[in-house]
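**Student:** no FASTA, just this:
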C-alpha cells in the first residue's frame, strides 16, 4: 500500500511541474497532434539532412582551395572550418529528427521528451548566441537590412517555438493516456 502512495505522490509532483507548460490541442490546418509531430519530425529530418549534405559539399570545395594561392588571406581555410563544424552539428539534428520520428511512431514518451528538451536547449543557445554576437559586434548593415534580419529571426524562432510546443503537447497527450491506464494490477 505504501508503494502505491509514493507512486501517486511522485505522479503529483511530476504533474505539478508540468502544469504551467502551455499546450495546444491540434496542429496547423486542424491536423491532430500525432500527425503534427510526424510532420515536424519529417521536416526536421529533411532540412537537417539537406544542410548536412550541402555543408559537406562546401567543405570539400573549400578543402581543395585551402592553402592555394587564392587562400592567401585565409578566407577559404576559415570557411572550411565553418562548413565542417556545421556539417558535424547537423548530424546531431539528423539523429534528433530520427529519434522524434521513431518515438512518435512507437508512441515512446521518453524519446519525445528527449527531443523536446534538447531542441529547447538548442533554440535557447542559438537565441543567446545571436544576442551576444549582436551585442559584441554590432550591426554593419543599413536599417532596412537590419529590420529584415530581425523579422527573419523572429519568424524562425516563432516557428521553432511552435514546433516544440506541438511536440510537447503530443507528449502531454500520450502521458495523459498512460496515466489513464493506471498502475499495473496484480492478482492476489
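**Tutor:** Looks like it arrived, so ask away. What you see is a predicted model; the values in this text were computed from it and never measured. Residues are numbered from 1 along each chain as shown.

**Student:** ranges for the helices of this protein?
**Tutor:** Per DSSP state H, the chain carries helices over the ranges 2-18, 33-65, 75-106, 109-137, 143-181.

**Student:** let me have these in JSON lines, adding mean neighbour count as columns.
**Tutor:** C-betas here are computed from N, CA, C, even on glycine. Output for those, formatted as JSON lines (neighbours: other Cβ atoms under 10 Å):
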{"stretch": "helix 2-18", "mean neighbour count": "10"}
{"stretch": "helix 33-65", "mean neighbour count": "17"}
{"stretch": "helix 75-106", "mean neighbour count": "17"}
{"stretch": "helix 109-137", "mean neighbour count": "14"}
{"stretch": "helix 143-181", "mean neighbour count": "15"}
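
**Student:** mind checking the ones you listed for the one nearest to residue 26?
**Tutor:** Shortest distance between residue 26 and the helices of the chain, using Cβ to Cβ, is found for helix 33-65: 6.6 Å.

**Student:** packing partners for the closest one?
**Tutor:** helix 75-106, helix 143-181 (3 or more Cβ pairs under 8 Å, 6 or more residues apart in numbering; DSSP states H and E).

**Student:** how about 10 Å then?
**Tutor:** helix 75-106, helix 109-137, helix 143-181 (3 or more Cβ pairs under 10 Å, 6 or more residues apart in numbering; DSSP states H and E).

**Student:** how distant is the first one from the center of its chain?
**Tutor:** Right, helix 75-106. Relative to its parent chain, helix 75-106 has a centroid offset of 11 Å by Cα atoms, centre = their mean, to the nearest Å.

**Student:** now do that helix against helix 109-137, angle only.
**Tutor:** On the basis of axes from the mean of the first three to the mean of the last three Cα atoms, to 10 degrees, helix 75-106 is oriented at 150 degrees to helix 109-137.
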